[in-house]
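*Asks:* Would you be able to build a 3D model of this:
(one chain, ligands or ions: 2)
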Amino acid sequence: MEKLIITACICGAEVTKEHNPAVPYTVEEIANEAYSAYKAGASIIHLHVRYDDGTPTQDKARFKECMDAIYAKCPDVIIQPSTGGAVGMSDDERLQPIELMPEMATLDCGTCNFGGDDIFVNTENTIKYFGERMIERNIKPEVEVFDKGMIDMAIRLNKKGFIKSPMHFDFVMGVNGGISGTPRDLVFMAGSIPRGSTFTVAGVGRTEFPMITLGILLGGHVRVGFEDNVYLEKGVLAKSNGELVEKAVRIAKELGREIATPAEAREILGLAPRA
Ligand code: KMH
Ligand code: ZN
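*Replies:* Residues are numbered from 1 along each chain as shown. Ligands and ions are numbered 1, 2, ... in the order given. Here you go, the predicted structure:
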């Protein structure tokens, strides 16, 4: 089987220090958390950034500061900025980090409830707009899908030329408003993408480790990190993103999957060389 790409989603936009004091806000904290994940075996950092008080931002200058600080500690890591940002941000606000010419960025392929009164809005025109901006910059999208219908949207927009082949998907399972984090649903998602695509599995909350375990067995790649889950096991907060990555590495090794280096991840995903 292909080597396993581990993505670390180190801070997200919604999780806070109240959930786990190790959630990073400052540039230094973000760089240290990225380093802990990289050292443990992550080849991709899925990046959201915050201001020092924890407020999520898509500000290009803040992204640059954080990306520079991460590259200083992890020179060959793949940084994948979020273009999802936080619920309620405008399209152009969300797109700012792509001006930094990252190798990858997320491309969220549908609208869904996001807990309470929150709605994460991605209209068809938004997705087309984001897709075109990424094609212009030769940025590989990670097609982020929270439900099966979003896979179908991506396939349609791929046929219309807004997303290039081969597509790389991230199945985010277990969001309160998206598809549930169950084995049946993961098998359904993995069986619904076009031949030649690759996929990563992310499970929110307590579904993180069951979902990545099945993802590894299905030949997919995996994502772990505070954005999705702050617990190492029931009732035990993870001390760092590195601890979550270490656990993913242990599971992968038990199941006979070797871990991809960043160079191997670039090859598997067909990334354009870093600008
Ligand atoms: N924070 C969520 C509203 C992404 O990174 O592209 C959206 C999100 C998806 O996290
Ligand atoms: Zn994200």
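*Asks:* For residue 16, which residues are in contact?
*Replies:* For residue 16, the contacting residues are 23, 54, by C-beta atoms under 8 Å, 6 or more residues apart in numbering. C-beta here means a position set from N, CA and C on the backbone, and glycine is covered the same way.
*Asks:* In what element of secondary structure is it found?
*Replies:* Using DSSP states H and E, residue 16 falls within no helix or strand.
*Asks:* what about the strands in this structure?
*Replies:* Using DSSP state E, the strands found in the chain span residues 6-9, 44-47, 49-50, 56-57, 78-81, 104-108, 112-113, 119-120, 140-145, 168-173, 198-203, 221-224, 231-233, 236-237.
*Asks:* tell me how far the last one is from the chain's mean position?
*Replies:* If I follow you right, that is strand 236-237. Distance of strand 236-237 from its chain centroid, counting by C-alpha atoms, centre = their mean, to the nearest Å, is 22 Å.
*Asks:* now swap in stretch 107-118 and tell me
*Replies:* That offset, for stretch 107-118, works out to 15 Å (C-alpha atoms, centre = their mean).
*Asks:* Are it and ligand 1 in contact anywhere?
*Replies:* Yes: Stretch 107-118 comes into contact with ligand 1 (C-beta under 6 Å from any ligand atom), by way of 108, 114.
*Asks:* Roughly how far does residue 174 sit from ligand 1?
*Replies:* Distance of residue 174 to ligand 1, given as C-beta to the nearest ligand atom, to the nearest Å: 13 Å.
*Asks:* ok, that residue to residue 241 distance?
*Replies:* 18 Å (C-beta to C-beta, to the nearest Å).
*Asks:* Counting neighbours, go ahead and name the busier of these two.
*Replies:* A direct count of neighbours by other C-beta atoms under 10 Å for residue 174 and residue 241 places residue 241 higher, at 30 against 23.
*Asks:* gap between the nearest residue to that one once chain neighbours are set aside and residue 242?
*Replies:* Of all residues not flanking residue 241 in the chain, residue 37 sits nearest, at 4.3 Å (C-beta to C-beta, 6 or more residues apart in numbering). Here residue 37 is placed at a distance of 5 Å from residue 242 (C-beta to C-beta).
*Asks:* Can you tell me, leaving aside adjacent residues, what's nearest to residue 107?
*Replies:* Residue 107 sits nearest to residue 141 (C-beta to C-beta, 6+ apart), 3.6 Å away.
*Asks:* can you count the residues close to that neighbour?
*Replies:* Look at residue 141: counted by other C-beta under 10 Å, it has 27 neighbours.
*Asks:* List the beta-bridge partners for it.
*Replies:* residue 105 (DSSP bridges).
*Asks:* any idea where the helices of the stretch 151-275 of the chain begin and end?
*Replies:* 183-190, 208-217, 241-254, 262-269 (DSSP state H, counting those that start in this stretch).
*Asks:* Per-residue pLDDT of the closest residue to ligand 1 within the stretch 1-150 of the chain, please?
*Replies:* For the stretch 1-150 of the chain and ligand 1, the shortest gap (C-beta to the nearest ligand atom) falls at residue 84, measuring 2.5 Å. pLDDT recorded at residue 84 is 98.
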